[in-house]
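S.K.: My questions are about this predicted structure, shown below with the sequence.
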Amino acid sequence: MEFTIGHPYPLEAFLAWRPAIEADTDERYRQILADKSFREKIKIEARTKGVPNRFSYHQFDHLTIISVIEDRHQDLVQKTVGELASASGKDPFDWLLDFALDGEMDAMFDCKLFNTEEDRVKDLLNHPHAAVTLSDAGAHLSFLCDAGFGLHLFGHWVRDRGDLSLEQAVEAVTSRPADICRIANRGRIVPGHQADLMLFDPATVGRGPRRRVTDLPGGNSRVDTPAVGLHGVWVNGTRVVDHNGLISDCGTPGHLLREFTGTA
């Protein structure tokens, strides 16, 4: 997930962060971030086990600076807040907020929030009651992009790591979710089913480097990841993607799912 301290989505889950959310001016926001009592409450909550939030001290070793505003901080790019805080002798929260207040409110961070231990993720992928999917249906697009999860499954977990066979991975994103969600006539290539198809090269399939594109209203940016090794996508029998990307004149062959089978 990418975020700035100016828009710190993962930190806003802290109950103690509420005063910062309610700040009505930029000056007041900066005053709150500098306040020692505010910081102490954040630290206590971050160390409290069982508190449902997206961020803890564990994340600092996975919180990387990917861009800065001030040229004098350029040497910090690609370093983690964990290592920088350790080198300075500061608590990671203090280092992070001090850095933001030092001209870097819009510096961009990348953080791995969940599933950072891949050998444990392997166990999840192979668990009989687990489903391979993504969440939020495109929400938070300025912070993350999960759209390449299927291609990443084929490229990283199948080809690169060998944790699943290609057949298992294909089933995990086709017939299995169709069965779980009771979506009729989908998930299998059989006569009478809707022709939702994807053509890819197992030797190269994957997701490309994460990037930011500025195509949102008002010139705002979002996170994007291009497809790699993908040569075609068909929706209800109509080709919507070829090796050059989206086909502009293919119409709108997709439709909302409103009917489901009676049993899972």
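M.R.: Here it is on my side, so go on. Numbering: from 1, shown residues only.
S.K.: now Val132, nearest residue through space, not along the chain?
M.R.: Using CB to CB, 6 or more residues apart in numbering and skipping the chain neighbours, the partner closest in space to Val132 is Ala172 (4.3 Å). Where C-beta positions appear, they are placed from N, C-alpha and C, glycine not excepted.
S.K.: Let me know the helix or strand that Ile66 is in.
M.R.: strand 63-67 (DSSP states H and E).
S.K.: can you pull the contacts of Ser142?
M.R.: 2, 7, 216, 220-223 (CB atoms under 8 Å, 6 or more residues apart in numbering).
S.K.: please redo it, this time with the cut-off set to 7 Å
M.R.: Counting by CB atoms under 7 Å, 6 or more residues apart in numbering, Ser142 touches 220-223.
S.K.: now the helices for the stretch 1-150 of the chain?
M.R.: 18-21, 26-34, 36-47, 81-88, 92-101, 118-125, 149-152 (DSSP state H, counting those that start in this stretch).
S.K.: can I get those in a markdown table with mean pLDDT?
M.R.: Formatted as a markdown table, the helices of the stretch 1-150 of the chain follow (pLDDT from 0 to 100):
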| stretch | mean pLDDT |
| --- | --- |
| helix 18-21 | 98 |
| helix 26-34 | 98 |
| helix 36-47 | 96 |
| helix 81-88 | 98 |
| helix 92-101 | 98 |
| helix 118-125 | 93 |
| helix 149-152 | 94 |
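S.K.: what would those look like in TSV with distance to Arg239?
M.R.: Formatted as TSV, the helices of the stretch 1-150 of the chain follow (distance: least, CB to CB, whole Å):
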stretch	distance to Arg239
helix 18-21	46
helix 26-34	49
helix 36-47	49
helix 81-88	45
helix 92-101	47
helix 118-125	30
helix 149-152	18
